[in-house]
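> sequence first, then the predicted structure:
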Amino acid sequence: MKYNKLGNSGLMVSEVSLGSYLTFGDKVNEYESAQIVHKAFELGVNSFDTANVYQEGEAERILAKALKSFPRDEYILSTKAFWPTGRGPTSRGLSRKHLVEQVNVSLNRMELDYIDIFYCHNYDSNTPVEETLRTLDDMIRQGKILYAGVSNWSASQLEEAIEIADSLLLNRLIVNQCEYSLLKRDIEHDILPVSEKLRISQIVFSPLAQGILTGKYQNSIPKESRAQNPNVNKFFNSLFTKESFELVRKIQTIADQYDVSLTELALTWVLQQENVASALVGASSAEQIERNIMAVSRAIPAELYEKINLTLSS
């Protein structure tokens with residue numbers, strides 16, 4: 001396992017991060033979740049990701065409990081807040097009230113003294129960015145969180161946040177969590193160059209494009225598959241197109257010439273981008289997370305990447 005520096009910090013994260021969205025406490029029970037976490041840690045993963053709203057908090061509890069057997073200084077646990085946790089107008093967003101309350105709820109639920117990386121799970125147009133950044137800075141100074149990041153923020157929003165933080169001498173954001181894969185490359189246009197300038201790293205989710213880049217979908221969605229889950233459909237449907245599958249077939253053909261699996265190519269390709277510190281993957285079994293971790297350990301010929309990049313640009 002390789003480890004990369006995260007943003008303008010001294011924090012080193014494993015190239016593969018393990019997520020818990022729609023798995024822990026949903027598709028995967030508590031015992032199976034612990035097996036997955038233990039296998040990941042055994043193989044060098046030190047970065048584990050969840051959120052306060054995943055399975056209504058159950059994912060946080062299960063993940064933290066599974067990590068209890070390991071030394072606290074050897075793993076990085078990340079969680080998030082933004083999305084509604086109740087029906088009232090103050091139970092959502094990035095206001096000081098909601099963030100402080102949700103950090104405290106998450107700490108209690110996970111039985112932790114601190115959260116390693118705390119993410120603002122979306123941009124909040126109703127709350128001044130200064131309020132959000134001051135709140136994050138206060139919680140860092142209090143020791144409740146160690147580092148702050150954001151998820152699903154635009155390049156201009158990242159620039160605004162860093163400008164405000166610098167002007168007020170607040171702790172900077174060090175990481176952005178966003179979608180990135182061979183089939184979803186939007187961040188290359190502005191988020192990546194802006195992030196490099198601002199010294200913010202990416203931890204990317206869906207590097208396998210909801211499973212399309214494993215080769216398990218062939219123009220139709222199998223019954224009982226993860227893609228049938230209505231919570232996934234909103235992401236999956238935008239990728240499940242004739243053009244996507246045509247591109248996957250071209251990529252597969254090239255990969256076959258080098259005896260490289262589609263999964264190996266997809267994961268290692270996103271990690272070739274210098275601004276990407278880690279690829280965030282989910283798993284429904286210990287065997288699956290082992291396969292994904294082993295995939296990034298394969299040495300991929302530079303010539304293969306060159307052919308893939310030519311295919312992507314054509």
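On my side now, so go ahead. Numbering: from 1, shown residues only.
> just checking, Asn176 touches Ser151?
Yes - shown here, Asn176 and Ser151 form a contact pair, counting by Cβ atoms under 8 Å, at 7.0 Å. (Each C-beta comes from the backbone N, C-alpha and C, glycine too.)
> neighbour count for these two, which is higher?
Higher neighbour count among Asn176 and Ser151: Asn176, with 29 against 21, using other Cβ atoms under 10 Å.
> other SSEs contacting the helix or strand containing that one?
Secondary structure assigned from DSSP states H and E places Asn176 in strand 175-179. The contact analysis (3 or more Cβ pairs under 8 Å, 6 or more residues apart in numbering; DSSP states H and E) places strand 175-179 against strand 115-120, strand 145-151, helix 191-198, strand 201-205.
> let's see 7 Å
With contacts taken as 3 or more Cβ pairs under 7 Å, 6 or more residues apart in numbering; DSSP states H and E, strand 175-179 sits against strand 145-151, helix 191-198, strand 201-205.
> point out the most buried one among those.
With neighbours defined as mean count of other Cβ atoms under 10 Å, those peak in mean count at strand 201-205, which reaches a mean of 25.
> contacting residues around Tyr54?
Taking Cβ atoms under 7 Å, 6 or more residues apart in numbering, we find Tyr54 in contact with Ser20, Tyr21, Glu60.
> can I assume the last one sits in a strand?
No - using DSSP: H, G, I helix; E, B strand; the rest coil, the secondary structure at Glu60 is helix, not a strand.
> pretty sure it contacts Thr50?
Yes - in this structure, Glu60 is within contact of Thr50 by Cβ atoms under 7 Å, at 5.0 Å.
> overlap of the contact sets of the two?
Thr79.
> which residues touch the closest residue to Leu247 other than its chain neighbours?
Distances taken as Cβ to Cβ, 6 or more residues apart in numbering place Leu183 nearest to Leu247, at 6.7 Å, with adjacent residues excluded. By Cβ under 7 Å, 6+ apart, the residues touching Leu183 are Ala209, Ile212, Leu213, Leu239, Ser244, Leu247.
> same deal with Phe118?
Thr79, Val103, Ile145, Ala148.
> count the residues that sit near the nearest residue to the last one once chain neighbours are set aside.
Okay, so that is Ala148. Excluding the flanking residues, the one nearest Ala148 by Cβ to Cβ, 6+ apart is Leu136, at 4.3 Å. If you count neighbours by other Cβ under 10 Å, Leu136 ends up with 29.
> go on, Ser125?
Ser125 sits with 9 neighbouring residues when counted by other Cβ under 10 Å.
> ok, it to Phe82 distance?
In this view, Ser125 and Phe82 are 12 Å apart by Cβ to Cβ, to the nearest Å.
> over to Leu22?
Leu22 is 18 Å from Phe82, by Cβ to Cβ.
> got it, and Phe240?
Computed with Cβ to Cβ, the distance linking Phe240 and Phe82 is 27 Å.
> ok, now Glu74?
Distance of Glu74 to Phe82, given as Cβ to Cβ: 29 Å.
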